[in-house]
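Q: Dropping the sequence and predicted coords here.
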Amino acid sequence: MTRIIIVGCGIVGAAIAYELSLIPSLEITVIEQKTPASGSTGAALGVLMGVISGKKKGRAWKYRDYSLRRYETLIPELEAKTGVKIPVNRQGIVKLLFEGDNLEKWRQLQQNRQNNNWQLEIWDREYLTNQCPQILDERIVAAVYSPQDRQINPQILTKALVEAATDNGVEFKFGVSVNKILSSAQEEYSQRIMTSQGNLESDWLILAAGLGSTPLTDSVSQKLDLRPVVGQAMKLKVNQDLGLAEFQPVITGNDIHLVPLGNQEYWLGATVEFPDELGNAIAEPELLEKMKADAIAFCPELKNATILETWSGKRPRPQGQPAPVIGKLANYQNVLLATGHYRNGVLLAPATAKEVIDLIS
């Protein structure tokens, strides 16, 4: 049997493990230093901005197109296999357009999507007010509605992937750290890794550990430069549903997402906080407050919302190359990188898993 080790059990590592588990004759082990979805996945909002992303060609669009289509089959597949109900908002995404936004650009994207069997609608201010009466901001001139984009709870999705993969024979080792990649006599291959529970052997090693991928690549002098970017979010409670109770899409304005959860609860996020000159990334409370104030500017009802919870996470952002980083580690034929997704780990997890399978095949 072909032995595969996956390092990292966020949404990306879990998706890779599950999709690989559908292939016969593979012995798959997933190693996670903490618990599933304990890294950047644990702080993600799960907003799948694919159709509305603006990407039109190349792998950026190819990955989004594949992932959105795979999620439509993957969610019911996982729910049937595990019995886990995965919360999915299927009411789409409304993107607010402000003064100065290029409406012609969006009309061109609308035509492009139509040619590829995806839908986009451009709403004028009056129609936006009818559909989303909670949005009150004189700076807004129009909106773009993407009915086929989704929002998925990333933590529960990861849990379902782990359960399904386990049922298919994948072994998960939680609370185990990987300290080093051990090179073999053949310089192009690594057959062992050093862990806190001893050395493990594999035919393929997949690094899906987010920021944890950097020290592992550094251990074989092939350092992958990933920088931490902090994102803060909060959970809010309001007295009644914002807008129309029967229409609760994700609303995004000025890169702030308002995510309906049901029971008059919403996620609001997320900040984008880059590291300082020394590489330190620390969540700044005032930026969280500014984000809330900016959201209140286009949705005034949030002013009286109760903050139930706040949290933050660090996203892995590649330096010197586009996100994500998927492919073979330099000078190694059997070490694969599946990391550095920055803000799109949940969105691109299915496409990443497919790319990894293609590389192994």
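A: Alright, I've got the coordinates. Since the structure is predicted, the reported quantities are computational estimates derived from the model, not experimental observations.
Q: For Ile282, which non-adjacent residue is closest in space?
A: Val230 (7.0 Å; C-beta to C-beta, 6 or more residues apart in numbering). The C-beta positions use only the backbone N, C-alpha and C, and glycine is treated the same way.
Q: show me what contacts that neighbour?
A: Contacts for Val230 were tallied using C-beta atoms under 8 Å, 6 or more residues apart in numbering; they are Thr271, Val272, Glu273, Ala281, Ile282, Ala283, Glu284, Ser312, Gly313, Lys314, Arg315.
Q: Please tell me how far it sits from Pro285.
A: Distance, Val230 to Pro285, using C-beta to C-beta, to the nearest Å: 11 Å.
Q: In space, what's closest to Ala15 - neighbours in sequence excluded?
A: Ala15 sits nearest to Ala349 (C-beta to C-beta, 6+ apart), 4.0 Å away.
Q: Quick check: mean pLDDT of the helix or strand the one you found falls within?
A: Per DSSP states H and E, Ala349 falls inside helix 345-360. Helix 345-360 shows a mean pLDDT of 98.
Q: Correct me if wrong: Pro275 contacts Leu226.
A: No. Between Pro275 and Leu226 there is no contact under C-beta atoms under 8 Å: 10.8 Å.
Q: Looking at those two, which is more packed in?
A: Leu226 (24 against 15; other C-beta atoms under 10 Å).
Q: And the residue nearest to Ala15, how close does it get to Ile326?
A: In terms of C-beta to C-beta, Ala349 sits 11 Å off from Ile326.
Q: out of those two, which sits in the more crowded spot?
A: Ranked by neighbour count (other C-beta under 10 Å), Ala349 and Ile326 place Ala349 first, with 34 against 23.
Q: hang on, the earlier thing: and the helix holding Ala349, what does it pack onto?
A: Counting contacts by 3 or more C-beta pairs under 8 Å, 6 or more residues apart in numbering; DSSP states H and E, helix 345-360 packs against helix 11-21, strand 47-48, helix 58-82, helix 154-167, strand 325-328, strand 335-339.
Q: For it, which residues meet the burial criterion?
A: Applying a neighbour-count criterion of 16 or more other C-beta atoms under 10 Å, one finds 345-356, 359-360 buried in helix 345-360.
Q: now, which of the residues you listed sits nearest Asn199?
A: Distance to Asn199 across those (C-beta to C-beta) is lowest for Ile360, with 21.9 Å.
Q: out of everything not next to it in sequence, what's closest to Ile360?
A: Trp204 (5.9 Å).
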